[in-house]
Structures are given as structure tokens and as C-alpha cells.
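Please work out how this folds:
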Amino acid sequence: MRRLAALVCALLVMGLAAPVAAAEEMVDLGLIATLDKNAYLPGDVVTMRVLVMNNGPGTATGVVVHTSGDLAFTGWGKLADTGITLAPGEQVPITVTAPANDDGTGMTERLEVVSAEPDADPTSNQVTVNAFVTVQEADLALTVYTDADRDGVVDPRETKVGVLVTVGGGLTGRSYSVRAGQDGVARFTGIPGGEYSVKAGLPADWYLDPVTRIRLRAGQNEIALGARYVDASKLHATVALDRPSYAVGDTVRERVTLTNTGSTDLTDITARCGSYSIEPGNNELYSMGWGDLDSAGPGAVVRAGETRTWEFTDVVRPRMWDYGFVLLRCDFIVPGMVEGAFASARASVPGGRGTMGGGAVASGRPVADIQMLLIDKVNGAVAARTVTDGRGRFEFPEVPADLYELRPLGPWRLPDSNPTVQILAGEHVDYERVELLPGPLQRDPEEEVVAAAPSPPPITLANTGFGVADLTALGVLLVVAGALMRRGKRA
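Model prediction:
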């Protein structure tokens, strides 16, 4: 009976463990597809490059790509029928081709990758690409107007006479500029077909959406683009993190506050965060998943005189520990704006340490006995100091990972008035030649702090008739008397 019970328990454990193991080995397919052009001539061949990947811990079998749309791509191989096998982390690139086929509405192709196993995140399995067929030369009548009432219709007072309109791109990648006539229309004659971006010399605070593209086809192309008015000075932003310091794996709670001090509503506001990193993506927080504020839209509304607050969360990644800090830096913009209301916040991720060294030279010769400092970029404190040796070499051992300013002391300066050094955990930064130039005397910040501190006032004694020795003796007697009194109370 004991053996039977043990066997049953073992089978139950195996049965319960199997689903867990299966869950841990799920596949996670992904798909990236790009076309070699965004516009083709009649008879051209469309080339598409596809990358199929498995980002999950399990092996994906029977992996195939399903396609639908206007283009009949060939060259899929097993991805079109029997399927392929993708090991965990494996990526397979493939190039397929199709004849251009545009009935006048453009060419769109939808792709989806699937496998025999269930997918952990099917949202990354689909992608759509599109293009169109153009002509060698086309004519364009382009009206850029200020859509004051935001109705999408060109009204007589909204057109701009003489405004310089520039289109760039097309089949040749060139730019062309024309001024709008008396009717507010800029006419481009015989320019290459294709897809173009548009810029215009609009009045202040009027913007065209920079992502807008126009497509030129055969014949006369008549297009109107409305600009929108945005008083960016009325939008104010702050971002904050819930703690001054984090460890890897900690949850970061982000607070975003937008205020509209203007008299008109601001709509379609999105956040673009993480685009200012020293090394993009490594120690920055992003605005992905921020709902209406997500950089992909749909955009938030802050009404006239209103203040709105959002709260989001993120996680501290190991690379942030390497940098020693985490950054949240955002531009809050509306369509048409390249820069908007800027806000930033920073917190430390301490613990990592790195090293730095270099060689100080002046007029090509090593400079000995020069003090070199690393100054904390946030608080201005001296984080480390060293002295150059006879060869001009200097070393900073075991410095906390962070951003620093490198500064020589004495009558020297560096070519860059504010040189920034990033110390990364476990890494060594070496500047073989640090050029020193004659400059104003650089004093030690710590000595300046000591010198600036007020001296304590001199100790003066009132004219009581007692000297210093008398007062000292009196103090001793008072201490003894106090001790005797305490003993008496205890008794």
C-alpha cells in the first residue's frame, strides 16, 4: 500500500508539474517586414525583406507566414506550406518579391506568422506594409492653409499668399520649393512622382503634422493640407518619480502633470520620452503604455485652464544599474510640433562601480603633478580626485557609476568647457590624450567651501573679576557638587 501511495503521489506531482513546464516553454513569435521602396513605377518588382523570430523560451514548430492583400509575393519556401522550426531566440530572414499591382488605391499587404504551439503574445505576430505605383513626372497643386476653425475645409481667409512651400522625397529624394500664388496654391510642375514630406513658412505657432506624407500619381494632383494653431507656451509639464533611489527590479511609479494656462483647449497631446539618452534605450524610461499620452496616440486633451495628472509604472532594468541612474525625459507635443513642453526627472540606481584613466598633455607633452577631479553632475560635489604622474597619466579607481565632469586644477582648462564622463559599472573608460589648455585658475571646490565658511566668533569673557583658571576651577567644583547631590537623593 505504501508503494502504491508513493506511486500515485509521484504521478500527481508529474501531472501537476507538466502544465507549469509547458507554460515556461511557450513560444513568442514576432515578425518584421519592410519594402525596398514606398513608391514604384508600373512594371517594377516589389521586394520585401521579412524577419521571422521566436523570442520565447520554447521551440516553435510548423512556423508559417500567412499573407493577404494586393501583392502576390513568391519565394517563401517552407514558410508558405510545411513550415519551419525556430529554436528559442532564433531569427530567420527571408526576401520575397512580387510584381507591382496598384488599381489606384495603393498596395497593402498583411502578414501573420503562426506556429503549431500557442503563442505567448500574439500581438507581435502581425504586420502591415503598403506602397503605391507612381509616375516618372507629375504635377502638383498644393494648398497649405491655416485651419483656424479646424473643420478640414479650405476657407477663403485661411489660404496664405506667397508662403514658401517645400516638398522633399519622391523617386529621386530631392527637394523642391515654390511660393503660393494669389489663390494660396503652390504649383509644382513636372516633378518626379513618389511620396513627399511637406514644409511651409507658416506664421508662428502654426504647424503642419511632420509625419504627413503626400503621394503623387499620374495626372494632376490637387492636395490641401491644413495647419493647426498651437500656443506651445501655454502648455506646462512636470514629471516625477516616487523615490530618489531604486534597485534593479524595483517598480518605478511615474507621475505626469500637464497644465494648460491658455484660453483654448489643447488636444491630441502625446508624450515622447526616452529620445535624449546618451546611449538610447539603456537607462531611460519610455512613454509606451501611457494610454492617451502614448507616443502612438490617440492623444490626450487638456482644456483651457485645466491641470491633469496621470500615474504610470515601469521597472528598473539591470542596465540602469550599470549607469548608476534612471532618467525620465519627455517632450509633450501636439501634431505638427517637433519640440513641446519638456520635463525630466532622475533617480539613482546605486551600487555599480567603474574606473577611468587618461593621459594629460599640453602642447603635445605630458603634464605631471596636475590634480584631476571628477565632479558629480547633479550636486557639484567632488566624487574623486587624483594627480598625474611623470608621464601625465591619471587613474580614478572604483568610482560609483554615474555622470561626471572632468576638471583639472590650476591654470588649466579642457577644450570642452563642460566635459561629461559616463562611468559604467564594471567598465573602464580611458582617454589616451586629455588636452590641457592655458586658462583661468581652477580652484579646488572643497577648499573654496572651507574658505567661504564663516570663522566662529572669538570666545570673550565678561568682566567678572575671575580669570580663566578661576573659571575652570569653578566648573570642576560645580560638577563635583552636582554628583554629591545626586548621591544624596538616591540615599
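
Which residue lies closest in space to C330, excluding its sequence neighbours?
C273 (4.0 Å; C-beta to C-beta, 6 or more residues apart in numbering). For the C-beta atoms, the positions are set from N, CA and C on the backbone; glycine is no exception.

same question, P203
Here the residue nearest P203, using C-beta to C-beta, 6+ apart, is T146, at 7.3 Å.

Can you tell me who that neighbour pairs with across the strands?
A227 (DSSP bridges).

can you tell me how far it sits from A200?
10 Å (C-beta to C-beta, to the nearest Å).

which other helices and strands contact the helix or strand that contains T270?
In the assignment (DSSP states H and E), T270 maps to strand 266-273. Here strand 266-273 touches strand 251-260, strand 300-302, strand 325-333, going by 3 or more C-beta pairs under 8 Å, 6 or more residues apart in numbering; DSSP states H and E.

Output that strand as CSV, restricted to C-alpha atoms.
What follows is strand 266-273, C-alpha atoms only, in CSV (Å, rounded to 0.1, in the frame of the first residue of the first chain):
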residue,chain,number,x,y,z
LEU,A,266,-5.1,71.7,-26.3
THR,A,267,-5.9,68.3,-27.9
ASP,A,268,-4.0,65.3,-29.3
ILE,A,269,-1.2,65.7,-26.8
THR,A,270,1.3,62.8,-26.8
ALA,A,271,4.4,62.2,-24.8
ARG,A,272,7.8,61.4,-26.5
CYS,A,273,10.0,60.1,-23.8
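
got the angle between it and strand 325-333?
150 degrees (axes from the mean of the first three to the mean of the last three C-alpha atoms, to 10 degrees).

Give me the distance from strand 266-273 to the chain's centre.
Its chain's C-alpha centre and that of strand 266-273 lie 15 Å apart, by C-alpha atoms, centre = their mean, to the nearest Å.

for stretch 385-396, same thing?
36 Å.

ok, residues contacting that stretch?
355-361, 365-374, 384 (C-beta atoms under 8 Å, 6 or more residues apart in numbering).

And stretch 313-324, by the same measure?
Under the contact criterion C-beta under 8 Å, 6+ apart, stretch 313-324 has outside partners 246-254, 282-283, 285-286, 326, 348-352, 400-403, 422-427.

Quick one, which of those are buried?
The neighbour count (16 or more other C-beta atoms under 10 Å) marks 246, 250, 252, 254, 283, 285-286, 326, 348-349, 352, 400-403, 422-425 as buried among those.

so where's the chain shaky on pLDDT?
1-24, 275-281, 336-338, 417-418, 448-491 (pLDDT under 70).

any idea how it splits into domains?
Recorded structural domains for the chain (assignment: automatic domain parsing) are 29-133, 137-229, 232-348, 353-447.

Contact partners for the residue nearest to G58 when sequence neighbours are not counted?
In space, and not counting its chain neighbours, G58 is closest to E25: 3.5 Å by C-beta to C-beta, 6+ apart. Contact analysis of E25 by C-beta under 8 Å, 6+ apart lists 56-59.

and for T146 and A200, which residues touch both?
Contacts common to T146 and A200, judged by C-beta under 8 Å, 6+ apart, are 160, 227.

quick one, what contacts V421?
Contacts of V421 (C-beta under 8 Å, 6+ apart): 356, 374, 403-406, 429.

For this structure, just list every one of the helices.
Here the chain has its helices, by DSSP state H, at 2-24, 318-323, 445-452, 468-490.

Pull out the buried positions in stretch 257-268.
Applying 16+ other C-beta under 10 Å to stretch 257-268 flags 258-260, 262, 266-268 as buried.

what about that stretch, start to end distance?
End-to-end distance of stretch 257-268 (C-alpha to C-alpha, to the nearest Å): 16 Å.

and what of stretch 71-90?
28 Å.

same check, this time on stretch 251-270
Using C-alpha to C-alpha, the two ends of stretch 251-270 sit 23 Å apart.

wait, R353 sits on D402?
No: using C-beta atoms under 8 Å, R353 is not in contact with D402; the gap is 9.9 Å.

number of nearby residues for R303?
When neighbours are defined as other C-beta atoms under 10 Å, R303 has 13 of them.

For it, give its distance to G262.
Distance, R303 to G262, using C-beta to C-beta: 10 Å.

returning to that earlier point: same list, the contacts of V421, but as TSV with distance to R187 please.
Converted to TSV, these look like this (distance: C-beta to C-beta, whole Å):
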residue	distance to R187
M356	60
L374	60
L403	52
Y404	57
E405	55
L406	56
V429	56
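
How about the contacts made by G410?
G410 is in contact with 370-371, 441-442, counting by C-beta under 8 Å, 6+ apart.

Quick one, which of those are buried?
370-371, 442.

Which of the residues you listed sits closest to L41?
For the buried ones among the contacts of G410, the residue nearest L41 by C-beta to C-beta is Q442; the value is 63.7 Å.

I figured that closest one was touching L409, is that so?
Yes: counting by C-beta under 8 Å, Q442 does reach L409; the two are 5.1 Å apart.

From what I see, V378 and P400 are in contact.
No: using C-beta under 8 Å, V378 is not in contact with P400; the gap is 11.8 Å.

Dig out what V52 forms beta bridges with.
L31, V92.

What separation is there between it and V92?
In terms of C-beta to C-beta, V52 sits 5 Å off from V92.
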